[in-house]
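Student: Below are the sequence and a predicted model for it; my questions follow.
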Protein chains: 2
Amino acid sequence: MSAYIALERRFKRIADLGGAAAVLHWDQAAMMPKGGNAARGEQLAALGGVMHEILTAEATAELMEAARAEPLDVWQASNLKLIEERYTRATALPQDLVEAKARATNHCEMAWRQARADDDYASLRPHLEEVLRLTREAATLQGEKLGLDPYAALLDQFQPGVDEAAIDALFEPLQDQLPALIEARIATQPAPERPGGPFPKAQQKALATNLMARLGFDFDHGRLDESTHPFCGGTPSDIRITTRYEEHETVSALMGVLHETGHALYEAGLPEPWRGQPVGKSHGMAIHESQSLIIEMQACRSPAFLRYLSGRLGETFGQQRAFEPENLVALYTHVEKGLIRVDADELTYPLHIVLRYRLEKALLAGDLDLRDLPGAWRDGMRELLGITPETDREGCMQDIHWPVGAFGYFPNYTLGGLLAAQLFQAAERQLPALLAEIEKGRFAPLRQWLRANVHEKASSVPMQTLIEEATGSRLDTAAFLAHARGRYGTA
Amino acid sequence: MSAYIALERRFKRIADLGGAAAVLHWDQAAMMPKGGNAARGEQLAALGGVMHEILTAEATAELMEAARAEPLDVWQASNLKLIEERYTRATALPQDLVEAKARATNHCEMAWRQARADDDYASLRPHLEEVLRLTREAATLQGEKLGLDPYAALLDQFQPGVDEAAIDALFEPLQDQLPALIEARIATQPAPERPGGPFPKAQQKALATNLMARLGFDFDHGRLDESTHPFCGGTPSDIRITTRYEEHETVSALMGVLHETGHALYEAGLPEPWRGQPVGKSHGMAIHESQSLIIEMQACRSPAFLRYLSGRLGETFGQQRAFEPENLVALYTHVEKGLIRVDADELTYPLHIVLRYRLEKALLAGDLDLRDLPGAWRDGMRELLGITPETDREGCMQDIHWPVGAFGYFPNYTLGGLLAAQLFQAAERQLPALLAEIEKGRFAPLRQWLRANVHEKASSVPMQTLIEEATGSRLDTAAFLAHARGRYGTA
């Protein structure tokens, strides 16, 4: 057996254990009784420990060394490179730093839940200090080994191929042009009517699963369940989507399911022969988010799809004026300057991200003290969106990301939004009937296009190559801004 | 850190990975879409492989060696002994035998499903030959290391402390005395009326969960779901019971849930400080079955409980004549000579086990050729129960146990039944109000007695010691036969 093949087997085992952990995470969120939490934590820690041991074992290094001398095809060579990166990241950190960081983020997450409930930033700050300090230390060590500065090392772990210069160039036109678009939209947009409920849970679920199947979700390889925070988890051959139903509201839960289905289609479309190998995994968080946003924002909030959805809503809950296509368009493209990122619309969302991007860079560089974070947050919100949170709960404590050490994650949401627009524009160019099909509830053309141009490439090529091959150009803001003007412009 | 403590940590990790596997097994049966099966198989194989590697590593042997020289308390000493046995069993078998056995049982199980559906024993036989041969080989090797003959090595792995001589002595009075009791019962028993349905699933579930809670099942530490074959799985702090509802039938599903709840109470009552250690696990399959049967057969099929249940059934589904206490007693103690073990009543069940016990001993000893198994089965059924199966599907192919290599398992069902009677008799002696409490739907006295006398002892003492301490005598048939005469006798 070649060293390369032996290496693949090692990583297949790591992936199988990771798949086990993914199902256990889903179970924890969707099924587990609360008294199972301590045991679940131990199970996941044991799995994580074993995966880390297999990854960082002497044998891994020896096999990598030997595999470098073997003849490899393009995918194998990409796989070896990704394996080396994972090994380098894992071995760059001393064990006591790994453990200190795990402990600190665990404590900080608990402190954050309490501090957010109490609106008490002072009680969170010391925990966040510790997480920031250890994150910086780890990013510095990993960056040194990978030839990246610390923030780039953080960005790169969530989406390989993304760096600060690229983000700066992409975010600048957004912060320049979106505020005026937002003001104009708010001044002229129609006032939508809210649909009148109740919307029984069973009917919401029936409609959601029907739409998921239309999008191409295969229920022989996945499920839809409920959890407090909706997500898409599991493994490519067994995908677990969750949502949350409110009996008085069906509009946003439904769009949430379509969003997660976009993530699911990506996982399901990854190349089967490469399952379990790093090269066969999804490319990163920006690409992943582009797949949920191309379904949610580009396809399913389009007037074409909303005409289709209008009929389905009427069939399910009985026809009412709020389900008329024009009203659905008004509802699903309503713009509002709000304080909370997860409630934000397509137009204001990027500015929430710009704020977090600026602040996390400053925090990591030591240019912003955590003491001054609440004020900096308020100033930023005022500058970017013209509104000011009155509490830190609605300000710098609203997100879980920093308390759990996920610095470098936020930009991916907006990179995903830009990419979704760019991919959809390219798909429309190549498939002139795309929107006409979507208006009939037919997603096969879009799905097949995404499968060929994104899903099946997995992690085999660099991000910009993937984007250029699919769209003809590198990632930029042109498609997104054109889309924003088309959908929200007053022209 | 002492070697013993280091050893405990190793086994805690194995137990955590085992807990992960238990949840994945539950998910596979109760939640997983069918397309997830291949990936699940790989996840479980990876977990099993890692657990085996940790167990059989050089480091385990070194720590055991060093721990033997350390001062240990009674539980620690028992734990070390159990650890040594697990290590001995795992290292007794060469890797190629372990793999050949896993492959053979896997193929044989698939062949069995098909052969049973087709009633085609000839297509099963070569697979069963292979499983039998490898089981015998493994049992011989493990027996040599443990100082046990091969069949004893098989018995001991499911219930430590059980051997052939003990089983022979216990089964003899059963096969002598039960046939006459069965004949007499059938000749004189009242004809029960079947309750008229439908029984909506939601109502069945509501009643089942209500009764589970009364028995002491803690829904903060467990769930009730559905699967084709009901079982009790998960981990002691997160117990997953499954059942199967039929809308036209509620009587047997309900008793099935109570049976599994008995298993669950045992798991939940295991001593918390010893969770994750071999000494803190349930004692074996005979003791486990005694805990389900003491709930199902001794407590819940008693006239006292059936008077209580009568009221609950009427409240749930509306009162009807079939729910009258006398009719419920007739229903739940109805005796019938049937071909299928899993459908058998309390009185005929032991004879199904006696047959299997005789045959598996003969198969392993080489005294019975698999070619002659169908005939030997028919002859045995005729002798023991006076009925003869017309097909092998209803004969020697009805159970999954032998195809998956579980020789030595069957006796535990009846040992559990004997022990349940003996424990219940002892509990009644010590708690005169026991049945009066059960008649009010109060199970706390029984549960507390079982916790103190069985659950909390876990695997800390030999089986016969546990039984003697709880009941005053070694395991025998007196209590069961007295119970059988009391419940089914004509006197």
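Tutor: Great, that's in hand. Numbering: from 1, shown residues only, chains lettered A, B, ... in the order given.

Student: contacting residues around the residue of the stretch 351-491 of chain A found nearest chain B?
Tutor: Relative to chain B, the nearest point of the stretch 351-491 of chain A is A:Ala458 (16.6 Å; CB to the nearest CB). In short, each C-beta sits where N, CA and C put it, glycine included. Under the criterion of CB atoms under 8 Å, 6 or more residues apart in numbering or on different chains, the neighbours of A:Ala458 are A:Leu270, A:Pro271, A:Trp274, A:Val279, A:Gly280, A:Lys281, A:Ser282, A:His283.

Student: Distance check, it against A:Gly262.
Tutor: From A:Ala458 across to A:Gly262, the span is 16 Å (CB to CB, to the nearest Å).

Student: Contact residues of chain A facing chain B?
Tutor: Those residues of chain A that sit near chain B, judged by CB under 8 Å from any CB of the partner chain, are A:12-13, A:16-17, A:19-21, A:23-24, A:27, A:31-36, A:38-40, A:42-47, A:49-50, A:218-223, A:234-238, A:276.

Student: A:Lys361 against A:Glu164, yeah?
Tutor: Yes. Counting by CB atoms under 8 Å, A:Lys361 sits close enough to A:Glu164 to count as a contact (7.3 Å).

Student: quick one, domains of chain A?
Tutor: The record, using automatic domain parsing to delimit domains, assigns chain A the ranges A:1-71, A:96-491.

Student: What I need now is the ones you listed written out in CSV, including mean pLDDT for each item.
Tutor: CSV is the format used below for the domains of chain A (pLDDT from 0 to 100):
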stretch, mean pLDDT
domain A:1-71, 96
domain A:96-491, 97
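
Student: For those domains, give me a markdown table that also has distance to B:Lys101.
Tutor: Converted to a markdown table, these look like this (distance: least, CB to CB, whole Å):
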| stretch | distance to B:Lys101 |
| --- | --- |
| domain A:1-71 | 21 |
| domain A:96-491 | 25 |
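
Student: re the thing from before, pick out whichever of A:Lys361 and A:Glu164 has more residues nearby.
Tutor: Remark: of A:Lys361 and A:Glu164, A:Lys361 carries more neighbours, 19 against 15, as counted by other CB atoms under 10 Å in any protein chain shown.

Student: Now do the same contact list for the nearest residue to the more buried one once chain neighbours are set aside.
Tutor: Closest residue in space to A:Lys361, ignoring its immediate chain neighbours: A:Tyr151 at 6.0 Å, by CB to CB, 6 or more residues apart in numbering or on different chains. With contact set as CB under 8 Å, 6+ apart, A:Tyr151 has these partners: A:Ala139, A:Glu164, A:Lys361, A:Leu364, A:Ala365, A:Phe407, A:Gly408.

Student: if I look at A:Tyr151, how far off is A:Val162?
Tutor: According to CB to CB, A:Tyr151 and A:Val162 sit 11 Å apart.

Student: Then A:Lys205?
Tutor: For A:Lys205, the distance to A:Val162 under the criterion CB to CB works out to 37 Å.

Student: now swap in A:Glu65 and tell me
Tutor: Applying CB to CB, one obtains 29 Å for the distance of A:Glu65 from A:Val162.

Student: ditto for A:Leu363
Tutor: Applying CB to CB, one obtains 18 Å for the distance of A:Leu363 from A:Val162.

Student: what comes up buried for stretch A:1-20?
Tutor: Buried positions in stretch A:1-20, judged by neighbour count with 16 or more other CB atoms under 10 Å in any protein chain shown: A:3-4, A:7-8, A:10-11, A:13-20.
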